[in-house]
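Engineer: Here is the input, now give the coordinates:
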Amino acid sequence: METVVKLEVNNKNGYFYIEINGNTEAKMTFVFAGTDKIIIDHTEVNEGHNGKGFGKMMVAKAVEFAREKNLKIIPLCPFAKKVFEKTPEFKDVL
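Structural biologist: Residues are numbered from 1 along each chain as shown. Purely as a prediction, here's the structure:
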């Protein structure tokens, strides 16, 4: 089964998440900073799903979202920051 990253968003914040069998197993939250930036502030993956790449999938989805909406990302979350440091192809949204 393919793992799909979903998005919930309102006018001030939102989150990317991965749902398996109706349960949210991973979540990455963000807040809007003005009209052209989002701040990724937290990433968590439920126990039992560590090492499956869920965190990186959510960061990749955030990058895709930022590119579509012409936004920049400020990764305050240490995990997201590390993914950006290791993934040069994501640098355009920083």
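Engineer: which intervals of the chain have sub-threshold pLDDT?
Structural biologist: Applying pLDDT under 70 to the chain picks out residues 1.
Engineer: Could I get the full set of strands for it?
Structural biologist: 5-9, 13-20, 23-33, 37-45, 72-75 (DSSP state E).
Engineer: Output these in a markdown table; the columns should cover distance to residue 57.
Structural biologist: The C-beta positions use only the backbone N, C-alpha and C, and glycine is treated the same way. Below are the strands of the chain laid out as a markdown table (distance: least, CB to CB, whole Å):
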| stretch | distance to residue 57 |
| --- | --- |
| strand 5-9 | 5 |
| strand 13-20 | 7 |
| strand 23-33 | 8 |
| strand 37-45 | 10 |
| strand 72-75 | 15 |
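Engineer: and of those strands, who's closest to residue 91?
Structural biologist: Closest approach to residue 91 among the strands of the chain is made by strand 72-75 (10.3 Å; CB to CB).
Engineer: Any buried residues in the closest one, and which?
Structural biologist: Neighbour-count burial for strand 72-75, counted by 16 or more other CB atoms under 10 Å, picks out 73, 74, 75.
Engineer: Kindly export the longest helix along the chain (C-alpha atoms) in CSV.
Structural biologist: Counting by DSSP state H, the longest helix found in the chain is helix 54-69. Backbone C-alpha positions of helix 54-69 (Å, rounded to 0.1, in the frame of the first residue of the first chain) are rendered in CSV as follows:
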residue,chain,number,x,y,z
PHE,A,54,7.6,9.3,7.1
GLY,A,55,9.2,12.5,8.4
LYS,A,56,11.1,13.1,5.2
MET,A,57,8.0,12.3,3.1
MET,A,58,6.2,15.1,5.1
VAL,A,59,9.0,17.6,4.6
ALA,A,60,9.0,16.7,0.8
LYS,A,61,5.2,17.4,0.7
ALA,A,62,5.8,20.7,2.5
VAL,A,63,8.3,21.7,-0.1
GLU,A,64,5.9,20.8,-2.9
PHE,A,65,3.2,22.9,-1.1
ALA,A,66,5.6,25.8,-0.7
ARG,A,67,6.5,25.6,-4.4
GLU,A,68,2.9,25.5,-5.5
LYS,A,69,1.9,28.5,-3.3
